[in-house]
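here is my input, please return the structure:
(2 chains)
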Amino acid sequence: MSPRNPGTELDLSWISKVQVNQPAVLRRAQQIQARRTVKKEWQAAWLLKAVTFIDLTTLSGDDTYSNIQRLCYKAKYPIRKDLLEALNMHDKGITTAAVCVYPARVCDAVKALQVASCHIPVASVATGFPAGQTHLKTRLEEIKLAVEDGAMEIDVVINRTLVLTGQWEGSDFIKTSTGKETVNATFPVAIVMLRAIRDFFWKTGNKVGFKPAGGIRSAKDSLAWLSLIKEELGDEWLKPELFRIGASALLSDIERQIYHHVTGRYAAYHDLPMC
Amino acid sequence: MAATRAESRAPEIFATMEYGPAPESHACALAWLDTQDRCLGHYVSGKWLKPENRKSVPCQDPVTGEGLASCLQAQAEDVAAAVEAARAALESWSGLPGASRAKHLTRLAKMIQKHQRLLWTLESLVTGRAVREVRDRDVPLAQQLLQYHAVQAHIQEEALAGWEPMGVIGLILPPTFSFLEMMWRICPALAVGCTVVVLAPPASLTPLLLAQLAGELGQFPGILNVLSGPAALALALAAQPGVQKVAFCGAIEEGRALRRLLAGTGPELGLALGTESLMLLTDAADVDSAVEGVVDAAWSDRSPGGLRLLIQESVWDEAMRRLQARMARLRVGRGLDGAVDMGARGAAARELAQRYEQEALSQGAQVFQAGDVPLDSPFFPPTLVSELPPSSPCAQAEVPWPLVLASPFRTAKEALAVANGTPRGGGASVWSERLGQALELGYGLRVGTVWINAHGLRDPAVPAGGCKESGSSWHGGLDGLYEYLRPPGTPPRRPCHSQDLNYDTFGLAVPSALPAGPETGPSPAPPYGLFVGGRFQAPGARSSRPIRDAQGNLHGYVAEGGAKDIRVAVEAAHQAAPGWVGQSPGARAALLWALAAALECREPALASRLQRHGVQPKAAQAEVELSVRRLRAWGARAQAQSHSLQVAELRGPVLRLREPLGVLAIVCPDECPLLAFVSLLAPALAHGNTVVVVPSETCPIPALEVCQDMASSLPAGLVNVVTGDRDHLTRCLALHQDVQALWYFGSAQGSQFAEWASAGNLKPVWAKGGCPQAWDQEAGGAGPELELRAARTKALWLPMGD
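Numbering: from 1, shown residues only, chains lettered A, B, ... in the order given. I've put the predicted structure just below:
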């Protein structure tokens, strides 16, 4: 993680001055997807970069040690080794940025990663995920327990009741949504959030990270997210300390695209290991 | 197949995260050029025309300079052949039911769909514009244009009843920018039943391809003919018999020259000039979104020209910082690369930008340039100019692509004054999240299109055009269709051009008037003088002109108006304008009706005046009665003016506003001295204009009679009536830079002069070339053409969202 956001005095005039024109933001969101494209080797390299931003996630009620273990192994070896070798990228230590699980599975994840002797951090959603509608006391307790179990990063669901009534909270990283909403990571929402991050940086010099989550499934989507970050915030935000993608299915599509780039053929389902 | 491991550049790219090349293949464009052996002629009547012994101009790739093809340059006889083809096709094409034309246009839309890759790669290859812009925006819009106009053709018989196609249209295209400029104009022309001859600039290939696609539909090959040749052929085009209108889009000075050149040659001239657009960025704006608006307006290959950006002082620093940060992310490169924002537009555009930059620097400006721009190149970087003294020559000049000229303003009122202070009036955007402020600015701007919190949106159903030096022709929507229509029964426009007309001396001298015997007019005579500023005033020259009746007896004297009187009258009209514009349509209607009532009371006197001028008693009475009716009718029509449109890809309405032209000068014909005067005056007033009228030269008395009533019933300065020598007064009005429009119903020579002189401020001129108008008929005296010409359109885009 980047150095903590030391925070700043709450100045509500910043917030009251913010103007967001929705139709204009929607237009920008449409354009940004069409105006940039990467092809061939650039595409392959960008996709590998995207892999390093992934918080490889499983947030299911039926998660057990076995599928958590599989997830952790995939986090360590996200792309088949021969494919990486073909791209001369096998020695770059490409892993996903983290694995992300429910608090009760943090132990499993930490253990599985230890077994694989892998130093990827474990992230845990906490604080009454996904609604956040539990008491502050239990929310804090939940964080404490997850950290005790070895979680290095906590995705906190903020109390949206406070936000909607104008009482704000600060953070090191902001996330588009829990991924469990009807609408999750969309470009228009992201644009507004990224502009807020940039304004905060310009005003205080502190860099806040950004994590879109939910609905990012295709390799093409991930490229669009990367170019969105590059365009709105710049290259300095293109690192795992400041940018994450919360996803589960994305990785396998990226791997398929890399397979195609390297071999010139489209992969069958069984050609690539599942996660 | 991918590169082998040793060659793989993936590690390097992985580290830098740079964008790479994303080339779009243009093989099909080259293959198409090969079908013509890389030598393109003209496309006339469904066939390629490659005449012998013509000069040829090379068409080059604007980035590499590589020769792509050579284009034969048309000569006058080629123009004649093309017009002949269009004329031959006109009869069958205009005679078709609208539904059949609709079918044909739909087929053309499908044809474009089938060959869209060829279209976009050729266009991007030749113009150098970003292929993404051509592919994702221009080509779909071209299809939408055809579809929209197919619908318009389908419903033409109902929706456009009372209009008929003009005939053969000549279209002159500018040397740069998009093939859409052609589509915007040929679609409505073809839809209403006109046929077209396009004069495309040398080495512009897409219009030829479009003509071929249209020609290969088989039927009606002659409706669209494309020549490539120099703009100097405009005169040859206008002079061809049958050409009823010349539509020109291009640079302002070229338009001005063309206006002078074509004065009196017959065809109507439609001008769409200049490329600069305008943006007002207020302190209540979403500044980041506004910055994207600037990108759309100047740095995206979406817009043909530069941008004049007015930023409220309180957000100046913030806006400039964001602009500069955004500029750093722009990518410039070969247009056929799928990931560039801006391509290269050839040497001429680059030189224009360079010259402006140098001059701005020498006049004290700050210039900021940024972006990912190849060094060894014909490219010009995105450029932001600021700190330019407002009175410097550069600040007045048109801002070229791809420059943005930023200057601060303090209040919204000041922003309007600055924005309306330029001679141009094309498109403008207003950025403010305060609804009231945005609408106030949107309504106040004197331009053709206003976008609220957006810039550069287009839709086939929304008229786009301009005012002032941006020219007064329209494309898109209903207004675009009217450009190629005329009321039925209008005689075809014929040349009334006189080589002998000396523009320097026409109407310069006023004949001196001497006492001419005893006055025999009835008493009480109307007050003597010019009706200016709401009262009768002595003319500046302090001289008079005799008015004779039908028998040649001296009827009386009227004031001899001159240049100074015109000046005073125009000033009075300007002073009255804000008050009159501010009146509700209902209030305007009430005043016109009051005037009608007063006229009714004066009927016997007016009828007897007309009889003195040889009008039969019954006809005289009918003329007065009809005049009264006209006032009432226009008063009633003042009510319904604007309407809103719904367009694709926009939530929220687009308002089609009908705004007054400003100060309208009307030169009345000699015939129907009362009826023509009232028939012209009433629509002008109903639409919110203030007017300076020159009444019938031979019989001005009835108009002066009406002035007596206007003195008591209308606001001072609303109507100003200046009697005198028509040629002299026409000269003064046509050359006046602050008269916004001129209607001229005098002689052929006067028409020619009025057209020529209007080039000064490019005011729209309605001159009939000496042809009489049937004032007593509904079409001639109260028809939709008057309504159309009495106001100008403004499109106001109002996107909505929470």
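
which secondary structure element is home to residue 43?
If you meant another chain, say so; for now it's chain A. Under the criterion of DSSP states H and E, A:Gln43 resides in helix A:40-51.

chain B is the one I meant
Taking DSSP H and E as the definition, one finds B:Tyr43 inside strand B:42-44.

which strands or helices does that strand pack on?
Where contact means 3 or more CB pairs under 8 Å, 6 or more residues apart in numbering or on different chains; DSSP states H and E, strand B:42-44 is packed against strand B:47-49, helix B:76-95, helix B:206-215, strand B:224-228. Using the backbone N, CA and C atoms, a C-beta is placed for each residue, glycine as well.

circling back to that earlier point, quick one: name whatever helix or strand follows the helix holding A:Gln43.
Following helix A:40-51 in sequence, per DSSP H and E, is strand A:54-57.

so what strands line up beside that following strand?
If you go by DSSP bridges, strand A:54-57 pairs up with strand A:98-101 (parallel), strand A:245-247 (parallel).

which residues are in contact with the longest one?
Which is strand A:98-101. Strand A:98-101 has contacts (CB atoms under 8 Å, 6 or more residues apart in numbering or on different chains) with A:55-59, A:63, A:68, A:71-72, A:75, A:108-109, A:113, A:120-125, A:152-153, A:155, A:240, A:244, A:246.

just for chain B, where's the confidence low?
Applying pLDDT under 70 to chain B flags the ranges B:1-6, B:523-524, B:640-641.

switch the cut-off to 50
Scanning chain B with the threshold set as pLDDT under 50 gives B:1-3.

domain map for it?
B:26-33+B:40-60+B:68-274, B:277-423+B:427-465, B:530-653+B:660-792 (the TED database).

may I have the secondary structure class of whichever residue of the stretch 651-800 of chain B sits closest to chain A?
The stretch 651-800 of chain B approaches chain A most closely through B:Pro799 (3.9 Å), counting by CB to the nearest CB. Here B:Pro799 is recorded as coil under DSSP: H, G, I helix; E, B strand; the rest coil.

and it, how many neighbours?
21 (other CB atoms under 10 Å in any protein chain shown).

try B:Ser584
Neighbours of B:Ser584 (other CB under 10 Å): 10.

could you pull out the helices for chain A?
A:12-17, A:22-35, A:40-51, A:65-76, A:81-86, A:106-115, A:136-148, A:160-164, A:187-204, A:219-232, A:250-263 (DSSP state H).

export these as JSON lines, with columns for distance to B:Leu261 and mean neighbour count.
Output for the helices of chain A, formatted as JSON lines (distance: least, CB to CB, whole Å; neighbours: other CB atoms under 10 Å in any protein chain shown):
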{"stretch": "helix A:12-17", "distance to B:Leu261": "54", "mean neighbour count": "11"}
{"stretch": "helix A:22-35", "distance to B:Leu261": "42", "mean neighbour count": "20"}
{"stretch": "helix A:40-51", "distance to B:Leu261": "53", "mean neighbour count": "23"}
{"stretch": "helix A:65-76", "distance to B:Leu261": "74", "mean neighbour count": "19"}
{"stretch": "helix A:81-86", "distance to B:Leu261": "67", "mean neighbour count": "16"}
{"stretch": "helix A:106-115", "distance to B:Leu261": "81", "mean neighbour count": "20"}
{"stretch": "helix A:136-148", "distance to B:Leu261": "80", "mean neighbour count": "15"}
{"stretch": "helix A:160-164", "distance to B:Leu261": "66", "mean neighbour count": "10"}
{"stretch": "helix A:187-204", "distance to B:Leu261": "50", "mean neighbour count": "18"}
{"stretch": "helix A:219-232", "distance to B:Leu261": "48", "mean neighbour count": "21"}
{"stretch": "helix A:250-263", "distance to B:Leu261": "60", "mean neighbour count": "21"}
